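Undergrad: Starting from these lines, generate the structure:
(one chain, ligands or ions: 2)
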Amino acid sequence: MKVVSLLTLFFVSICAVAEPIHLIPQPVALTEKPGKFTIDAGTHLQTNDPSLQPAAAWFSTQVGTPLPQGKGGKTQIILEVGTMKDRNLLGKEGYVLTITPSTVRIKANEAAGVFYGLQTLLQLTPPETTAASKGPIPIPCAEITDYPRFGWRGLMLDVSRHFFTKQEVERYIDEMVRYKYNTLHLHLSDDQGWRLEIKSLPMLTQKGAWRVARTGARWGEALPALAGEPATEGGFYTQDDMREIIQYAKQRFVTILPEIDIPAHSLAMIASYPNLSCTQLPYPVNAGFRNPTRDDNALCIGNDTVFEVLDKVFTELAALFPSEYIHIGGDEAYKGFWASCPKCKRRMTEEHLNNVDELQSYFVKRMEKMLKSKGKKLIGWDEILEGGLAPEATVMSWRGMKGGITAARMNHQVVMTPWDFCYLDLYQGESAAEPPTYGICRLKDCYTYDPVPDSVEEKYILGGQGNLWTESVPTFRQVEYMTWPRALALAEVYWSPRSARSWDGFTSRMEHEFQRLDASNIKYARSAYNVIFTPKKADRDFTVSMSTEVSGLDIYYTFDNTNPDPYYPKYDGTPLKFPLGATQLNVITYRNGHPIGAQVNIKKDELAKRLDQGRHVY
Ligand code: ACM
Ligand code: ZN
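TA: Ligands and ions are numbered 1, 2, ... in the order given. Down below sits the predicted model:
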């Protein structure tokens, strides 16, 4: 007996030293080695090229004690570019990270690769490590070779429906680069607010950036402005602010992709300059959320003034943003006003356009030429396919993968953001336990999606994004809650080899990462621990089955309106029937005897309603 206990103790202590490595996204190749490296006051940081200075300085701020730069020191972190024999393996963003007890070495072709190697190194520190850490930091020895599957790994933040400050956008950049995202798409204009200073069109921000303040209202539900009520809610980025964001992003190898959403979703622009719409009616941009079939939120394509104004907007945009692409939106245009507008009808006759889809296509093609003349490429939502795709346009596929597949088959480049796998504004778990929104896009939907459909050549898929629309996201804490952990899943989809993906492996690494997010005060959702209800018709009534996304949880339940715990019935997988008289099912998940999910109370009526609805309608 004694020998067995001693052996157990021995193995437990071995395991405690060799904690398995948890990385997100999972690298291409990882070999764990014995021993550890320790970052402490005797560690020097050495670089072989001035281009590595910003990354080195940044790393030094992430581990508490600033590290002296240059040769020497008891131990070294050595950052190198240009020393790889085979450049092809790592590309622009790959790296090789070697950790021995005396030296950490990161080799890459370019500074971006070194930066990603440093992000991996940070994830190898204990999860409680932050910029405020004190004392030595142990890192397990390992050899890692890593590079991304896709060159476009993005998140989109809608700063129109709710405005987020420069500091909040910069914090978002800091959060996304932890997981090797390299593109931040800013949705800078929509019906609810214009967010970028355009010097030649001052009304866009004097008027278009502000609306009346409303609390707790979702789109379509906001109380209209009261007579004489001042528009106090909103904000915008000055061009100086935006230059600072761009620079901040650049130092972290992130490209800011600006979107000005036209020809529809343009109420903020029309409210600022009413002559730009077909009806030319004044629209106050003050009521929050409007229905485009009632309001003329599209630009008049027959009016040359519209193109003159857009030329001013895009001249300033092209000068400000270094990105190769500009996003012109193009989605969800209600075309009814064009059909009856004399100017639009004249344009259709003159340009031999057969219908309003072709009128939209004319608009997008003209925008492509305009952007090209300013040295930029056009990208737009997949509606730009309707009526004929502009010759060199890149398509951002959001209404599923279909638009992306069509575009790729026409040899156009595609960024995948299908809403049912990539929309971070949708419910991420049981709606009864979430702040109100719509649809459903679970963590597992994000994780199990693949951006390259079987029928398409991978070379046309630049990569993908997670998109956070903010109609129901009024605070930056809620931005974080909606983003994480779904964007952890998407980070792995866009970076890691398809073959490296494993759901259980991911959830276990994610839970480890939660400790790191906690240490950094980054909010995240624990919705994947909540129960999923699946009602099914049975006789004249229905049954309900229950499951969870994270495996290995126990579900306790009751129909008697009290709060379940482990002394209540445990769900065994058999579909349940509501007992006679019961109107509500209360459930909670546990792991190893401890509660882990939220208690969810759901009415029988609510489950009955879902019987006839598809997966995406809650
Ligand atoms: C979109 O979600 N309307 C692009
Ligand atoms: Zn018109």
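Undergrad: quick one, helices of the stretch 251-400 of the chain?
TA: Per DSSP state H, counting those that start in this stretch, the stretch 251-400 of the chain carries helices over the ranges 267-272, 304-320, 336-340, 342-350, 356-373.
Undergrad: Name the next helix or strand downstream of the helix or strand bottoming out on mean pLDDT in the chain, please.
TA: Least confident helix or strand, the chain: helix 2-17 with a mean of 40, by mean pLDDT, DSSP states H and E. Downstream of helix 2-17, the next assigned helix or strand under DSSP states H and E is strand 29-39.
Undergrad: Which elements pack onto the next helix or strand after that following strand?
TA: Downstream of strand 29-39, the first helix or strand assigned by DSSP H and E is strand 43-47. Counting contacts by 3 or more C-beta pairs under 8 Å, 6 or more residues apart in numbering; DSSP states H and E, strand 43-47 packs against helix 53-62, strand 75-81. Backbone N, C-alpha and C define where each C-beta goes, glycine included.
Undergrad: Kindly recompute the last result at 10 Å.
TA: helix 53-62, strand 75-81, strand 103-108, helix 111-123 (3 or more C-beta pairs under 10 Å, 6 or more residues apart in numbering; DSSP states H and E).
Undergrad: Give me the distance from that strand to the chain's centre.
TA: Relative to the chain's own centre, strand 43-47 is displaced by 33 Å; criterion: C-alpha atoms, centre = their mean, to the nearest Å.
Undergrad: Any buried residues in that strand, and which?
TA: 43-47 (16 or more other C-beta atoms under 10 Å).
Undergrad: repeat for stretch 165-183
TA: Buried residues in stretch 165-183, counting neighbours by 16+ other C-beta under 10 Å, are found at 166, 168-169, 171-173, 175-183.
Undergrad: swap in stretch 603-612?
TA: For stretch 603-612, burial by neighbour count (16+ other C-beta under 10 Å) applies to 604, 606-607, 610.
Undergrad: How about the contacts made by Phe533?
TA: When contacts are counted by C-beta atoms under 10 Å, 6 or more residues apart in numbering, Phe533 touches 430, 432, 544-547, 576, 585, 587, 600, 602, 606-607, 610.
Undergrad: same thing but at 6 Å, please
TA: Val544 (C-beta atoms under 6 Å, 6 or more residues apart in numbering).
Undergrad: for Gln76, same thing?
TA: Neighbour list for Gln76: 44, 46, 103 [criterion: C-beta under 6 Å, 6+ apart].
Undergrad: try 10 Å this time
TA: 37, 42-46, 67, 70, 102-105.
Undergrad: just to revisit the earlier point, just send the helices and strands packed on strand 43-47 back as CSV, with mean pLDDT and distance to ligand 1 too.
TA: Below are those laid out as CSV (pLDDT from 0 to 100; distance: least, C-beta to the nearest ligand atom, whole Å):
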stretch, mean pLDDT, distance to ligand 1
helix 53-62, 93, 33
strand 75-81, 97, 38
strand 103-108, 98, 35
helix 111-123, 98, 28
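Undergrad: ok, and which of the ones you listed has the densest surroundings?
TA: Across the helices and strands packed on strand 43-47, averaging neighbours per residue (mean count of other C-beta atoms under 10 Å) puts helix 111-123 on top, at a mean of 24.
Undergrad: Which members of the contacts of Gln76 are the farthest-apart pair?
TA: Phe37 and Gly70 (18.6 Å; C-beta to C-beta).
Undergrad: Neighbour count: the two, which is higher?
TA: Taking other C-beta atoms under 10 Å, Phe37 and Gly70 do not tie; Phe37 has more neighbours (22 against 10).
Undergrad: is it true that that one touches Pro138?
TA: Yes - if you go by C-beta atoms under 10 Å, Phe37 and Pro138 touch, sitting 7.5 Å apart.
Undergrad: shared neighbours of these two, anything?
TA: Contacts common to Phe37 and Pro138, judged by C-beta under 10 Å, 6+ apart, are Leu124.
Undergrad: for ligand 2, what are the nearby residues on the stretch 151-300 of the chain?
TA: Contacts of the stretch 151-300 of the chain with ligand 2, taken as C-beta under 5 Å from the ion, map to 278, 300.
Undergrad: Show me what residue of the stretch 151-300 of the chain gets nearest to ligand 1.
TA: His265 (7.7 Å; C-beta to the nearest ligand atom).
Undergrad: In space, what's closest to that residue - neighbours in sequence excluded?
TA: Using C-beta to C-beta, 6 or more residues apart in numbering and skipping the chain neighbours, the partner closest in space to His265 is Asp190 (4.7 Å).
Undergrad: Let me know the distance separating the one you found from Trp338.
TA: Distance, Asp190 to Trp338, using C-beta to C-beta, to the nearest Å: 19 Å.
Undergrad: same check, this time on Tyr237
TA: Distance from Tyr237 to Trp338, by C-beta to C-beta: 31 Å.
Undergrad: what does Lys36 give?
TA: Taking C-beta to C-beta as the criterion, Lys36 is separated from Trp338 by 66 Å.
Undergrad: When these two are compared, which one has more neighbours?
TA: Between Lys36 and Trp338, counting by other C-beta under 10 Å, Trp338 is the more crowded of the two (26 against 17).
Undergrad: distance of the more buried one from Leu299?
TA: 10 Å.
Undergrad: just Met269 next, same as before
TA: 7 Å.
Undergrad: And for Arg252?
TA: 35 Å.
Undergrad: Give me the more crowded residue out of these two.
TA: With neighbours defined as other C-beta under 10 Å, Arg252 and Leu299 compare such that Leu299 has more, 26 against 21.
Undergrad: Do I have it right that the more buried one meets Ile328?
TA: No - here Leu299 does not reach Ile328: they are 11.2 Å apart, not a contact under C-beta under 10 Å.
Undergrad: what residues does the protein put near ligand 2?
TA: So far as C-beta under 5 Å from the ion goes, the chain lies against ligand 2 at 278, 300, 302, 341, 343-344.
Undergrad: how about a cut-off of 6 Å?
TA: By C-beta under 6 Å from the ion, the residues of the chain that approach ligand 2 are 278, 300-302, 338, 341, 343-344.
Undergrad: Reformat the residues you listed as a markdown table; add distance to Thr562 and pLDDT.
TA: Formatted as a markdown table, these follow (distance: C-beta to C-beta, whole Å; pLDDT from 0 to 100):
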| residue | distance to Thr562 | pLDDT |
| --- | --- | --- |
| Cys278 | 59 | 95 |
| Cys300 | 61 | 97 |
| Ile301 | 61 | 98 |
| Gly302 | 65 | 98 |
| Trp338 | 59 | 96 |
| Cys341 | 62 | 96 |
| Lys343 | 66 | 98 |
| Cys344 | 63 | 98 |
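Undergrad: follow-up on the earlier one: which of the buried residues of strand 43-47 lies closest to ligand 1?
TA: Thr47 (41.6 Å).
Undergrad: what ranges of the protein fall below the confidence cut-off?
TA: Low-confidence segments of the chain (pLDDT under 70): 1-19, 217-222, 284-295, 614-618.
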